[in-house]
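Colleague: Okay, here's the prediction I keep looking at, along with the sequence it came from:
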Amino acid sequence: MTIPLPPSRGPMTGADLEGPESGAFEESERGLSLWRGAWHRLRRNPTAIIGALIVLAFVIIALAAPLLTQYEPGSAQWSGQVTPTSVPGPSAEHLLGLDRFGSDLYTQLIFGARQSLIYGVVSTAIGLTVGSLLGILAGGLGGWVDTAIMRVVDIMLSIPSLLLAVSIAAVLGQNAYSVMIAIGAAQVPIFARLLRGSMLSQNKSDYVLAANSLGIRRSRIITGHVVPNSIGPTIVQATLNLATAIIEVAALSFLGLGESDPAVAEWGRMLVAAQDRFDAAPQLAILPGAAIAITALGFTLFGEALREALDPRTRR
Amino acid sequence: MSEEVLSTGSHTPDSSGSEPLLSVKDLSVTFGLRGKRAVRAVDEVSFDIRPGEHFGLVGESGSGKSVTSLAIMGLLPKRGVKVGGEVKYAGRSLLDLSKKKMSEIRGRDIAMVFQDPMTSLNPVVPIGTQLGEILERHFGLRKQESRDRSGDLLSRVGIPDPVRRLKEYPHQLSGGMRQRVLIAMALACEPRLLIADEPTTALDVTIQAQVLELLKELVADTDAALLMITHDLGVVAGLCDKVTVMYGGRIVEAADRDTLFEEPKHPYTGGLLESIPRLDTPRGVPLKPIPGSPTQMLPWSEGCAFAPRCHNRLDVCMTDPPHLEPVGDRRLRCHNPLSADESAEVVSL
Amino acid sequence: MSALVSVRGLKVHFPIRSGLVFDRQIGAVKAVDGVDFEIEEGKTLGLVGESGCGKSTLGRALLRLAPVTEGSVVIDGVDVATLKGEALRNKRQDMQMVFQDPLASLNPRQSVSTILTEPLRAHGIAYDEKTKVKDLLEKVGLPSSAAQKYPHEFSGGQRQRIGIARAIAMEPKFVIADEPVSALDVSIQAQVLNLLEELQKDLGLTYLVIAHDLAVVRHVSDEVAVMYLGGIVEQADADTLYAEPMHPYTKALMSAVPVPDPAVEARRERILLTGDLPSPANPPAGCRFHTRCPFRQEERCDTERPALLEVSPGHKVACHYAKEIAAGAIQPHAVAPEEADLTFDAS
């Protein structure tokens, strides 16, 4: 580390300076943005790593489903082997045995992941897009727009999200889209509040004031300063919401809403089907249940770790 | 105003007149969390405070002065923090005391006033209750007695209409008044040692003057010793008998107040005195700042922490950490202290 | 040298609203209540006062970052108080601010290079990124490697330099420094103050320096104005003000500042004010300082608000009895805490 020698005694001007910071400057010419800093911290956080691995596993399984199994989902091919009192367990051809309809359990689980991923991602995306837009409008325009949007949000939030999703799905009819829209709609108020809060608190911040004083246009302040600073918390929220969405998808299908085609493998419906065979074949319930729980856990762990990593206060 | 000494709960007896009231020897505080590099926030800190003495601990952010006071009071978290060395109050070691014993001493023998009165006071409890709690705890007073005594204390610290104030909440008082309440709470049990950690930094200048004057008065009245922790050399010049300067967690210079101000020997002390704009220095002359920033520190294990910013730096300063040694009538940690001429230049206006 | 900045009758009142349904205005916080002053080109006016006096609000109002209720603010010939929209936005190139908290006033997600060039892009000023950024960094004494770093990677003093570099990026004529060093360590303050002075000389800037620290203000200013509860109570050139303060508040303020010299501390006479600052929502009638003034004379002080008048060339004071006090004709008396605290209101 090179340290400049202070010049000889005598009046000093502002140009004489603090030399390089010990460490930071020397390491890289490129700065440590918030994201790169977060990445560094995430790398060393065991919770984050576990969560990330689970999420990664989930996504890979979901995307590569057809490659991971030789069978078709929901084929019910071996229904002959299933009797009212027993369901075949693990065997040479069937890694985890069969489900009660005669499909390969392992295949059902794998493809169930795909369903959950699709439903989860789409519904969270809906919630995020619509919610964020509403939040930005409310926070940015203020006045009666803000009041109107927030009252609607309040009403939506006062209803438990699962109940809200169920109501919307029931109205929209029993199909895949209704589930995604319903769960998405239940997430809208969360994002709306988040973005509005972020807008309002940033409006008071000194750097927005500074941007104002520099003569930067209001629209540019919102897009260039406020929104980028809201991205972090939004992504964290999206990750956590994905966990909830996956559970809610399962819950909705468990309740009989959503996809009615029994051929489509879905963890929630697997739980429904497993109910009356629980004594004889508990694995029919335990496996999809565990899959839901572990996946949700993975997203939650990662989301929380991400939140911590992005928090400027816990830095350093 | 009568100041009866309440009988229940006596103070730890004073051993003898010449014994220091507070004796700190080689205090060190290390922060280290599971695998992260351990940080020595405070190291090799030793000083004594005699009864009735006003002691100033000076340093900027990162100097370790606040951590030192927290360590003395036993207020540092237990996990991830290691405190070494010895802290004795009237002959008793404080560092090994149980939580229960320590909390008895805190408030009654040693009291502390912090910087931010808003966070030191419970916002949802009225002032009177907070003050009363202390009196009830340490003196076993009953409600009515503690209320009367609280009122007395508030008027002693110059808060008008104390009876009304007792029912008020902290947010209803101004910053200066809240600080007075904190002082009242600290002095409620007539402690022998009052530790004030930047008590006026958050206050306006005229309020600061009031509060410092109050502190001076009260401490003189009760004969308490005062440990004043601050970054403001002006405050120290007006209030303290002895001054200790800290940098990077260690003491770099310690002397009587007059000695330090008339002839500063450590380049950091000299640099501070020279760089502070003052009301009585001639205008139009550029200030002489200390170059660099407090973050540019050499670890004490490698050399002198102040070396990167020091004018008097020698090669040895970068390789050999200096020790705190008695030099004349002061203690100094420096390989190349200011000469008499350089000192004089600093002090002359 | 003519006045670059000329302020007349400036008032900044924030309405206090109440009511369940209608939000009626029931009062106002008179943060700035009638202020006049001028700053000559290339000079520095120091504005000093304690919290609640309105100095920060005044600084922001000058740049239209706080609403102007009444009055005119003429900067380089244009009354900024009347500008709107694009015209105001354009005018901002000439007037800039350096903020107190460098960490809060820099967007943590922008690199230093972006921070410094954003204003140029916002106003369509052509520039070459590398040279402009390097040039600005050099002016404030930062290495060019700082360009790609982010604010949190710097120390407090360095961040303040970045803030200063940003303020001068558009080559403004007028710069307001709002508590430029109070968030910095003592040993760094002098560096930043020296930098500000240097830049003023090199770039011909006109400054308004707002601070609560009398010693800081004294050092950097040509002229100093003391504010109390929304109004200027005394204004003079720096040497005169510090040598012969005439307003009782100024005297009290000066006697309260600690000086790092035990000999001076021992022999100085402290004028201690009693009580706290009254609320700007409910200022005392008459002279706003009368509730805490040790020289108060009931007849006029309680009822008549004194105007800021020139009592000697270049020295203005807002006090009915300034001359008498200076001559020693009036003696200070003690102020009972009850009187002083009467109007305090924790709003």
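Modeller: Arrived safely, thanks for sending.

Colleague: low-scoring stretches of the chain, by residue?
Modeller: Just going to use chain A. A:1-32, A:259-260, A:262-263, A:312-316 (pLDDT under 70).

Colleague: meant chain C, my bad for not saying
Modeller: Of all residues in chain C, those with pLDDT under 70 make up the ranges C:1, C:19-23, C:337-347.

Colleague: So in it, which helix runs the longest?
Modeller: Longest helix in chain C, counting residues (DSSP state H): helix C:186-203.

Colleague: Direction included, what does the helix or strand following that helix pair up with?
Modeller: Using DSSP states H and E, the helix or strand that directly follows helix C:186-203 along the chain is strand C:206-211. In the sheet, strand C:206-211 lines up against strand C:44-48 (parallel), strand C:174-178 (parallel) (DSSP bridges).

Colleague: pull the CA atoms of whatever helix or strand comes next after strand C:206-211 into CSV?
Modeller: Following strand C:206-211 in sequence order, the next helix or strand is helix C:214-220 (DSSP H and E). This file holds the C-alpha atoms of helix C:214-220, laid out as CSV (Å, rounded to 0.1, in the frame of the first residue of the first chain):
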residue,chain,number,x,y,z
LEU,C,214,-19.8,30.3,14.6
ALA,C,215,-16.1,29.6,14.2
VAL,C,216,-16.6,27.9,10.8
VAL,C,217,-18.8,30.8,9.6
ARG,C,218,-16.3,33.3,10.8
HIS,C,219,-13.5,31.7,8.9
VAL,C,220,-15.1,31.5,5.5
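
Colleague: center of the chain, which residue is that?
Modeller: The chain I'm using is chain A. A:T239 (2.2 Å; C-alpha atoms, centre = their mean).

Colleague: Can you look at chain C instead?
Modeller: C:I210 (2.7 Å).

Colleague: In this structure it contacts C:L47, no?
Modeller: Yes. Contact criterion C-beta atoms under 8 Å: C:I210 and C:L47 qualify, at 4.7 Å. Using the backbone N, CA and C atoms, a C-beta is placed for each residue, glycine as well.

Colleague: Mutual contacts of these two, please.
Modeller: C:55, C:58-59 (C-beta atoms under 8 Å, 6 or more residues apart in numbering or on different chains).

Colleague: among those residues, which are in helices?
Modeller: C:55, C:58-59.

Colleague: For chain B, what is the nearest residue in the stretch 151-300 of chain C?
Modeller: C:P258 (2.7 Å; C-beta to the nearest C-beta).

Colleague: With adjacent residues omitted, what lies nearest to that residue?
Modeller: Excluding the flanking residues, the one nearest C:P258 by C-beta to C-beta, 6 or more residues apart in numbering or on different chains is B:G234, at 2.7 Å.

Colleague: State the distance from that neighbour to B:D280.
Modeller: 11 Å (C-beta to C-beta, to the nearest Å).

Colleague: How many neighbouring residues does B:E168 have?
Modeller: Using other C-beta atoms under 10 Å in any protein chain shown, B:E168 has 16 other residues around it.

Colleague: OK, contacts around A:G224?
Modeller: Going by C-beta under 8 Å, 6+ apart, the list of residues near A:G224 reads A:211, A:216, C:118.

Colleague: 10 Å - rerun?
Modeller: Under the criterion of C-beta atoms under 10 Å, 6 or more residues apart in numbering or on different chains, the neighbours of A:G224 are A:211, A:216-217, C:107, C:109-110, C:114, C:118, C:121-122.

Colleague: helix, strand or coil for it?
Modeller: When classified by DSSP: H, G, I helix; E, B strand; the rest coil, A:G224 comes out as helix.

Colleague: Quick check: it vs C:K130, distance?
Modeller: As judged by C-beta to C-beta, A:G224 and C:K130 stand 21 Å apart.

Colleague: Let me see the ranges of the strands in the stretch 101-250 of chain B.
Modeller: B:110-113, B:193-197, B:225-230, B:242-247, B:250-256 (DSSP state E, counting those that start in this stretch).

Colleague: quick one: which of those strands is nearest A:L128?
Modeller: Closest approach to A:L128 among these (C-beta to C-beta): strand B:193-197, 46.3 Å.

Colleague: That closest one pairs with which strands, parallel or anti?
Modeller: strand B:110-113 (parallel), strand B:225-230 (parallel).

Colleague: how close does B:R180 get to chain C?
Modeller: 10 Å (C-beta to the nearest C-beta, to the nearest Å).

Colleague: Could you count how many residues lie near that residue?
Modeller: B:R180 has 25 neighbours, counted by other C-beta under 10 Å.

Colleague: what's the pLDDT at it?
Modeller: B:R180 carries a pLDDT value of 89.

Colleague: how close does it sit to B:S174?
Modeller: In this view, B:R180 and B:S174 are 10 Å apart by C-beta to C-beta.

Colleague: which residues do the two both contact?
Modeller: Common neighbours of B:R180 and B:S174 (C-beta under 10 Å, 6+ apart) are B:117, B:207.

Colleague: For chain C, what is the nearest residue in chain B?
Modeller: Relative to chain C, the nearest point of chain B is B:G234 (2.7 Å; C-beta to the nearest C-beta).

Colleague: is it true that that residue touches C:D261?
Modeller: Yes. Contact criterion C-beta atoms under 10 Å: B:G234 and C:D261 qualify, at 8.2 Å.

Colleague: between those two, what contacts are shared?
Modeller: B:R278.

Colleague: Let me know the helix or strand that A:A38 is in.
Modeller: Going by DSSP H and E, A:A38 is in helix A:34-43.

Colleague: ok, so what distance separates A:A64 from chain C?
Modeller: 35 Å.

Colleague: what number of residues lie near that residue?
Modeller: Neighbours of A:A64 (other C-beta under 10 Å): 13.

Colleague: Likewise for A:L157?
Modeller: When neighbours are defined as other C-beta under 10 Å, A:L157 has 17 of them.

Colleague: Give me the nearest residue to it, chain neighbours excluded.
Modeller: A:P189 is the one closest to A:L157 (C-beta to C-beta, 6+ apart), at 4.7 Å.

Colleague: Just want the residue of chain C that's nearest chain A.
Modeller: Closest point on chain C to chain A, by C-beta to the nearest C-beta, is C:L195, at 2.7 Å.

Colleague: Do I have it right that that residue meets C:G163?
Modeller: No. Applying C-beta under 10 Å as the test, C:L195 and C:G163 come out as separate, 11.2 Å apart.

Colleague: any shared contact partners between these two?
Modeller: With C-beta under 10 Å, 6+ apart, C:L195 and C:G163 have common neighbours C:140, C:180.

Colleague: Near the closest residue to C:V181 other than its chain neighbours, how many other residues are there?
Modeller: Closest residue to C:V181 apart from its sequence neighbours, by C-beta to C-beta, 6+ apart: C:Q189 at 4.1 Å. C:Q189 has 25 neighbours, counted by other C-beta under 10 Å.

Colleague: Repeat that for C:I26.
Modeller: The tally of other residues near C:I26 (other C-beta under 10 Å) stands at 11.

Colleague: Show the contacting residues for it.
Modeller: C:15-19, C:281.

Colleague: quick one: strands adjacent to whichever strand or helix holds it?
Modeller: Using DSSP H and E, C:I26 sits in strand C:24-40. Using DSSP bridges, strand C:24-40 pairs in its sheet with strand C:3-18 (antiparallel).

Colleague: got the buried residues for the partner strand?
Modeller: By 16 or more other C-beta atoms under 10 Å in any protein chain shown, the buried positions in strand C:3-18 come out as C:3-8, C:10-14.

Colleague: next one: stretch A:288-306
Modeller: A:288-289, A:291-292, A:295-296, A:298-306.

Colleague: show me what contacts the spatially closest residue to B:I134 that is not a sequence neighbour?
Modeller: The shortest distance from B:I134 to any non-neighbouring residue, by C-beta to C-beta, 6+ apart, is to B:A188 (4.9 Å). Neighbour list for B:A188: B:107-108, B:111, B:131-135, B:137-139, B:146, B:149-150, B:152-153, B:156 [criterion: C-beta under 10 Å, 6+ apart].
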